[in-house]
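K.L.:
missing the sequence, but the structure's below:
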Ligand SMILES: Nc1ncnc2c1ncn2[C@@H]1O[C@H](COP(=O)(O)OP(=O)(O)OP(=O)(O)O)[C@@H](O)[C@H]1O
């Protein structure tokens, strides 16, 4: 599926798209009166973990929002290979802690896209929810209120909600921020397992260790693409110091 914004001209067919889950061309996006992403062009290889790295405010969450379809670009072209709609797990801080929901109800919301808001979940939905909660180690928290959970527990519940959507394109905004080392390792291992199961994963991260273990890396600086490729080629001292220069 190709979506063009602001009369972007269709270009010649890009043969690389065949191995890419998403292809982005000349993308510009932001907020009213606040342009953020400028002239981004890149591909997200299918069946990989791609890490999205950059300083605070460089545009990582905005880019994930565009890929998820919740932020409409001002111009450019987005091409999605055939597949299910993306599952988007926003930053923990973007989700209200005061919602009167249990951990299980939060994960069950991941089935709404499939089942509809008002339909009861069926046995298969419940099995998907159980499996997602077990994979994230939060089955024991099912009856607890979301607002009572620790930051790391809530984070894992939100990732379980993303898994429950059973998409083959999973977009995660800083999934390991605030987690202890054991939980971080568990999430990193889970992402590798998901790829082996047929999922393409994109994660925004501040954790350079986690970014180095990804298959591909997009480095953003002030809304522009500063580097794109294998982590060892992108996360170099030169490029990192270029975008993390003190103001
Ligand atoms: N809803 C919004 N309205 C206006 N400007 C916004 C909005 N959300 C983000 N911005 C601005 O857009 C720019 C990019 O923000 P974004 O959240 O995409 O960066 P980020 O790289 O994800 O940052 P962080 O690492 O701090 O999460 C920032 O300058 C931010 O202030």
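P.N.:
Thanks, I have the structure now. Bear in mind the structure is a predicted one, so any value in this text is a computation, not a measurement.

K.L.:
Identify the residues contacting the residue positioned nearest the centre of the chain.
P.N.:
Geometric centre of the chain, nearest residue: residue 171, 1.9 Å, by Cα atoms, centre = their mean. Neighbouring residues of residue 171 by Cβ atoms under 8 Å, 6 or more residues apart in numbering: 64, 67, 68, 86, 87, 88, 89, 202, 203. For every residue, glycine as well, the C-beta is placed using N, CA and C.

K.L.:
Now go through those and say which are in strands.
P.N.:
Among the contacts of residue 171, DSSP state E puts 87, 88, 89, 202, 203 in strands.

K.L.:
Check whether the closest residue in space to the last one that isn't next to it in sequence sits in a helix, strand or coil.
P.N.:
To tie it back to what came earlier, the one meant is residue 203. Nearest non-adjacent residue to residue 203, counting by Cβ to Cβ, 6 or more residues apart in numbering: residue 172, 4.3 Å away. Assigned with DSSP: H, G, I helix; E, B strand; the rest coil, residue 172 falls in the strand class.

K.L.:
re the thing from before, relative to residue 114, how far out is the residue nearest to the centre of the chain?
P.N.:
17 Å (Cβ to Cβ, to the nearest Å).

K.L.:
With residue 37 instead?
P.N.:
30 Å.

K.L.:
And the two? Which one has more around it.
P.N.:
When neighbours are counted by other Cβ atoms under 10 Å, residue 37 and residue 114 differ, and residue 37 comes out ahead with 26 against 16.

K.L.:
for the ligand, what are the nearby residues on the protein?
P.N.:
Counting by Cβ under 6 Å from any ligand atom, the chain comes close to the ligand at 31, 34, 36, 54, 56, 57, 58, 59, 60, 61, 62.

K.L.:
possible to save the residues you listed as a markdown table with neighbour count?
P.N.:
Listed next are the residues of the chain next to the ligand as a markdown table, based on neighbours: other Cβ atoms under 10 Å:
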| residue | neighbour count |
| --- | --- |
| 31 | 9 |
| 34 | 7 |
| 36 | 21 |
| 54 | 24 |
| 56 | 6 |
| 57 | 12 |
| 58 | 23 |
| 59 | 26 |
| 60 | 25 |
| 61 | 18 |
| 62 | 21 |
